[in-house]
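Trainee: missing the sequence, but the structure's below:
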């Protein structure tokens, strides 16, 4: 039961990140590695603000904005300076490592003794007794669902249509009198905002910031998106955003099972890599991307 | 009125592959003219369209629209007043979006794409009314993704979409070349109907000499970056396909085709 709860919590936190990866990878067709830097950025922002005594709920919008800024810089590097997509992400991922250290002040920043979005007087009064141990999962669920609906709402707006169009057919965006570069920058900003928000929630739940927590985020994100979109795309009543969320939960469940069967925790990254490869092959998602972005 | 003045364009300057395409090219297109452009491959037809739309930059020269110099205007700003249909039916529509969504974005062309709803449901019936005359049954498939339509259906939709908002120029870039003869015929008739109804200034590049002769009120034949034949009005009406074919063969023989 405790394991299931932990998988749910982690899966839902990473689902928000996966929604961001969905925007870049599936909609913009942009393999964005900035994610590996913007996820721990959210954690750094959350921990330093909470350590300084800022209201924990304020860390959510602030980290979204911080991530959006990082995504915007990636976009500007790609669009305005003409650096190819993969390299723009690598540059930002590398730069963000230092930025994150500067934000947090050190490589490890625990906030065990401070209040956070899941543990404060108000929340504790709201979830008494037996509900206590579900409060984190319930709160994450609320944030995740709200994020999903806001994203759905945005994607069906005129601006969201342009975002979908630019990944589909850049030519038409130009012919509609819209600067496709700006559309890409907006997309990268929203995507990294979501990733950073996810990192912020992660830090609130784990109660610490660790500089290495971002390593492999993009793999988790891509795996979730591919599981979600390739397995559930046939179910038409399900929105893509919902599929991505389910994908994230399934992926976390797979990893949880894998951890129990592997001999040592040091093998985890290898297992993750193999799992990702299996998902890519089964999901049938490899050829197009290799051709386009290699 | 569209004017191209003294256009110079070199491809790959400074390399062994240097290709001088336009060396002082001039063209004036009057309002409401329907210009058919023919010419062999590499004669500069599509480059001319790209220069007008801003997809490629010129080395020197001026592009004027109603007297305003747009030579350095960004492509997306220019295209707010230009409708363009490409040879590839995939280029004029978004395959991952439905017919309704595609028409909604086309309807919004040139305006700010903000947070307003992307699909205006109340406009749906108007869109269906626009699709009905095509006779392709698209009006009953409003929620179908455009990617699953045939090339002809997509091209008809692309043509419709490019002319939904008030535009100054319609640019047709071999827009029937990828279609089967029957569909090409339908698209061509639709083109003519739209051009007449909207009285929009049109430049159509085509490899089909018969279309070039049958449609439009001005005929331009291009060869090596120059207009070697330019007939309009009554002169154009008198032109026969055979005559164009003869001239076309002559220039082709010259370059050894």
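Mentor: Received the coordinates, thanks. Not measured: the values here are computed from a predicted model. Residues are numbered from 1 along each chain as shown, chains lettered A, B, ... in the order given.
Trainee: Quick one: classify whichever residue of chain B sits closest to chain A as helix, strand or coil.
Mentor: Chain A sits closest to residue B:80 of chain B, with a gap of 3.4 Å, by C-beta to the nearest C-beta. In this view, the C-beta of every residue, glycine as well, is placed from N, C-alpha and C. Classification of residue B:80 by DSSP: H, G, I helix; E, B strand; the rest coil places it in helix.
Trainee: count of residues packed around it?
Mentor: Residues contacting residue B:80 under the criterion other C-beta atoms under 10 Å in any protein chain shown number 16.
Trainee: contacting residues around the nearest residue to it once chain neighbours are set aside?
Mentor: Leaving aside its sequence neighbours, residue B:80 sits nearest to residue A:177 (C-beta to C-beta, 6 or more residues apart in numbering or on different chains; 3.4 Å). If you count contacts by C-beta atoms under 8 Å, 6 or more residues apart in numbering or on different chains, residue A:177 has them with B:76, B:77, B:79, B:80, B:109, B:110.
Trainee: Tell me the spacing between residue A:177 and residue B:179.
Mentor: Going from residue A:177 to residue B:179 by C-beta to C-beta, to the nearest Å gives 27 Å.
Trainee: Confirm for me that residue A:72 is in contact with residue A:189.
Mentor: Yes. Using C-beta atoms under 8 Å, residue A:72 makes contact with residue A:189 at a distance of 4.6 Å.
Trainee: Would you map the strands across the stretch 151-294 of chain A?
Mentor: Along the stretch 151-294 of chain A, the segments classed as strands by DSSP state E, counting those that start in this stretch run A:208-210.
Trainee: Up against chain B, what does it have?
Mentor: With C-beta under 8 Å from any C-beta of the partner chain as the criterion, the stretch 151-294 of chain A meets chain B at residues A:154, A:156-162, A:164-165, A:167-169, A:171-180.
Trainee: Which ones among those residues lie within helices?
Mentor: Here DSSP state H is the test, and these give A:154, A:158-162, A:164-165, A:167-168, A:171-175, A:180 as lying in helices.
Trainee: picking that back up, between the contacts of residue A:177, identify the one with the most neighbours.
Mentor: Highest count within the contacts of residue A:177 by other C-beta under 10 Å belongs to residue B:79, 28 neighbours.
Trainee: Please verify my assumption that it contacts residue B:53.
Mentor: Yes. Counting by C-beta under 8 Å, residue B:79 does reach residue B:53; the two are 6.0 Å apart.
Trainee: tally of neighbours for residue 14?
Mentor: If you meant another chain, say so; for now it's chain A. Residue A:14, neighbours per other C-beta under 10 Å, totals 30.
Trainee: was after chain B, sorry
Mentor: By other C-beta under 10 Å, neighbour count at residue B:14 equals 7.
Trainee: Repeat that for the one 10 residues further on.
Mentor: The criterion is other C-beta under 10 Å. On that basis, residue B:24 has 12 neighbouring residues.
Trainee: mind checking which helix or strand it is in?
Mentor: Using DSSP states H and E, residue B:24 sits within strand B:19-29.
Trainee: Mind giving me the packing neighbours of the next helix or strand after that strand?
Mentor: Next in sequence after strand B:19-29, counting helices and strands by DSSP H and E, comes strand B:34-39. Helices and strands touching strand B:34-39, by 3 or more C-beta pairs under 8 Å, 6 or more residues apart in numbering or on different chains; DSSP states H and E, are helix B:45-53, strand B:201-205, helix B:209-214, strand B:218-223.
Trainee: so of those, which one's packed in deepest?
Mentor: strand B:201-205 (a mean of 25; mean count of other C-beta atoms under 10 Å in any protein chain shown).
Trainee: and residue A:31, helix, strand or coil?
Mentor: Assignment for residue A:31 (three-state DSSP): coil.
Trainee: right, and it touches residue A:78 too?
Mentor: No. Contact criterion C-beta under 8 Å: residue A:31 and residue A:78 do not qualify, at 11.3 Å.
Trainee: In the lowest-mean-pLDDT helix or strand in chain B, which residues are buried?
Mentor: The helix or strand of chain B with the poorest confidence is helix B:241-254; it has a mean of 78 (mean pLDDT, DSSP states H and E). Under the neighbour-count criterion of 16 or more other C-beta atoms under 10 Å in any protein chain shown, helix B:241-254 has B:244, B:247, B:248, B:251 buried.
Trainee: Just send those back as a markdown table, with distance to chain A too.
Mentor: Output for the buried residues of helix B:241-254, formatted as a markdown table (distance: C-beta to the nearest C-beta, whole Å):
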| residue | distance to chain A |
| --- | --- |
| B:244 | 30 |
| B:247 | 33 |
| B:248 | 30 |
| B:251 | 31 |
